[in-house]
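K.L.:
Need the 3D shape of this:
(one chain, ligands or ions: 1)
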Amino acid sequence: MLTDAPPRKANRAGFLESDQTRTLDLPQDGSLLTITKSIESAMRRGRSTNVRRTCAEFLDAASQFYKVPACGFRVLAARPLRVRERWTTELFGDYTPETMLIRVWMRTAVRKEVTSFGTFVSTLCHEFCHHLDFQKFGFRDSWHTRGFYERAAALFHHARGTPLKKLFWIPMTGGRDR
Ligand SMILES: [Zn+2]
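P.N.:
Numbers count the residues shown, from 1 in each chain. All right, here's what the predicted structure looks like:
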């Protein structure tokens with residue numbers, strides 16, 4: 001994981017707030033975990049309609065919990081030519097703030113392999129955290145800060161029922177962290 005470089009002055013305060021927001025409230029019931037299990041079995045059976053439906057269920061439940069507007073959702077067979085995610089090297093999904101649309105694709109860009117379940121759910125949580133940045137936290141942009149990755153990890157481990165691992169950050173040049 002590599003963070004974005006801090007932006008110029010105008011957006012710096014929001015960037016720092018995002019960076020320092022290291023935790024995320026999580027639902028106390030197991031509803032997301034239950035939905036994630038249905039995503040897993042839909043993927044294992046290769047039922048794309050069910051994958052789509054269960055992912056939409058996941059996002060609806062999460063939006064309800066965080067009291068944000070529901071986001072749109074598409075599953076694509078392969079990565080589209082134009083994507084919004086400008087920063088990451090491995091591309092599995094994107095989020096468009098203007099339309100509040102999350103798109104996730106089933107096949108990797110390079111080897112055309114089917115995205116694994118873990119990567120798929122991790123992408124879903126990652127893109128949903130971009131939605132939260134705009135709709136819950138009210139940031140002007142959704143930067144990949146240390147806080148962003150930690151919030152996305154908190155949601156991901158909650159959704160999978162796995163223990164949250166502590167992330168360690170190493171400062172790099174240009175104000176970025178790895
Ligand atoms: Zn992202």
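
K.L.:
and the residue most central in space within the chain, what element?
P.N.:
With distances taken as C-alpha atoms, centre = their mean, the residue of the chain nearest its centroid is H126 (1.0 Å). If you go by DSSP states H and E, H126 is part of helix 117-135.

K.L.:
Other residues contacting that helix?
P.N.:
Contacts with helix 117-135, where a contact means C-beta atoms under 8 Å, 6 or more residues apart in numbering, come from 18, 24, 36, 39-40, 43-44, 55, 58-59, 62-63, 66, 68-69, 71, 92-95, 97, 100, 102-104, 106, 115, 139, 141-143, 148, 151-152, 155-156, 159-160. In this view, the C-beta of every residue, glycine as well, is placed from N, C-alpha and C.

K.L.:
Can I have the buried ones of those residues as a ChimeraX selection?
P.N.:
The following ChimeraX command selects only the buried members of these, with burial defined by 16 or more other C-beta atoms under 10 Å:
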select :18,24,36,39,40,43,55,58,59,62,63,66,68,71,92,93,94,95,97,100,102,103,104,106,115,139,142,143,148,151,152,155,156,159,160
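
K.L.:
Show only the entries of the contacts of helix 117-135 found in helices.
P.N.:
The subset of the contacts of helix 117-135 located in helices under the criterion DSSP state H comprises 18, 36, 39-40, 43-44, 55, 58-59, 62-63, 66, 148, 151-152, 155-156, 159-160.

K.L.:
circling back: now the residue nearest to the centre of the chain: how far from D4?
P.N.:
Counting by C-beta to C-beta, to the nearest Å, the separation of H126 from D4 is 14 Å.

K.L.:
Name the nearest residue to P69, ignoring sequence neighbours.
P.N.:
On the basis of C-beta to C-beta, 6 or more residues apart in numbering, the spatially nearest residue to P69 that is not a chain neighbour turns out to be Q135, at 6.1 Å.

K.L.:
And that neighbour, what's its pLDDT?
P.N.:
In the prediction, the pLDDT value recorded for Q135 is 97.

K.L.:
To what extent is it buried, counted in neighbours?
P.N.:
The burial metric for Q135, expressed as a neighbour count using other C-beta atoms under 10 Å, is 18.
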